[in-house]
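Student: can't give you the sequence, but here's the structure:
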């Protein structure tokens, strides 16, 4: 797991959760604004695509998307799939 690009893991994790819940970037932006976090849809798209979120924004996204937990095994699966691609 040394050579894992963790930014790509973050990217895939958030994108998969958004897909599972049917949430688009504009809706995510709106949900964040409801809790006082101002992020445009374009800004979120850029941050997610680059996998460069601060811990605070990641937690805020998890909160508004109602992500109850991130399982260790899921992170390992994403990381392994990225290693196979690389």
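Tutor: Here it is on my side, so go on. Source: prediction; values computed, not measured.
Student: Off-centre distance for the worst-scoring helix or strand of the chain on mean pLDDT?
Tutor: Within the chain, no helix or strand scores below helix 72-85, which has a mean of 91 by mean pLDDT, DSSP states H and E. Distance of helix 72-85 from the chain centroid (C-alpha atoms, centre = their mean, to the nearest Å) equals 15 Å.
Student: buried ones in it?
Tutor: Across helix 72-85, burial judged by 16 or more other C-beta atoms under 10 Å covers 75, 78, 79, 82. In short, each C-beta sits where N, CA and C put it, glycine included.
Student: Who are the packing partners of it?
Tutor: helix 6-21 (3 or more C-beta pairs under 8 Å, 6 or more residues apart in numbering; DSSP states H and E).
Student: Following the helix it packs on in sequence, what is the next regular element?
Tutor: helix 25-34 (DSSP states H and E).
Student: who does that next one touch, helix- and strand-wise?
Tutor: helix 41-50, helix 55-64.
Student: cutoff 10 Å now
Tutor: Here helix 25-34 touches helix 6-21, helix 41-50, helix 55-64, going by 3 or more C-beta pairs under 10 Å, 6 or more residues apart in numbering; DSSP states H and E.
Student: re earlier: the least confident helix or strand of the chain vs helix 6-21, what angle?
Tutor: Helix 72-85 runs at 120 degrees relative to helix 6-21, counting by axes from the mean of the first three to the mean of the last three C-alpha atoms, to 10 degrees.
Student: I would like the residues contacting helix 72-85, please.
Tutor: 1-6, 8-13, 16, 71 (C-beta atoms under 10 Å, 6 or more residues apart in numbering).
Student: what about 8 Å?
Tutor: Surrounding helix 72-85, the residues in contact under the criterion C-beta atoms under 8 Å, 6 or more residues apart in numbering are 1, 3, 4, 5, 8, 9, 12, 13.
Student: And the furthest pair within these?
Tutor: Largest separation among those by C-beta to C-beta: 3 and 13, giving 18.1 Å.
Student: Comparing those two, which residue is more hemmed in?
Tutor: Neighbour tally, residue 3 and residue 13, criterion other C-beta atoms under 10 Å: the higher count belongs to residue 13, 20 against 8.
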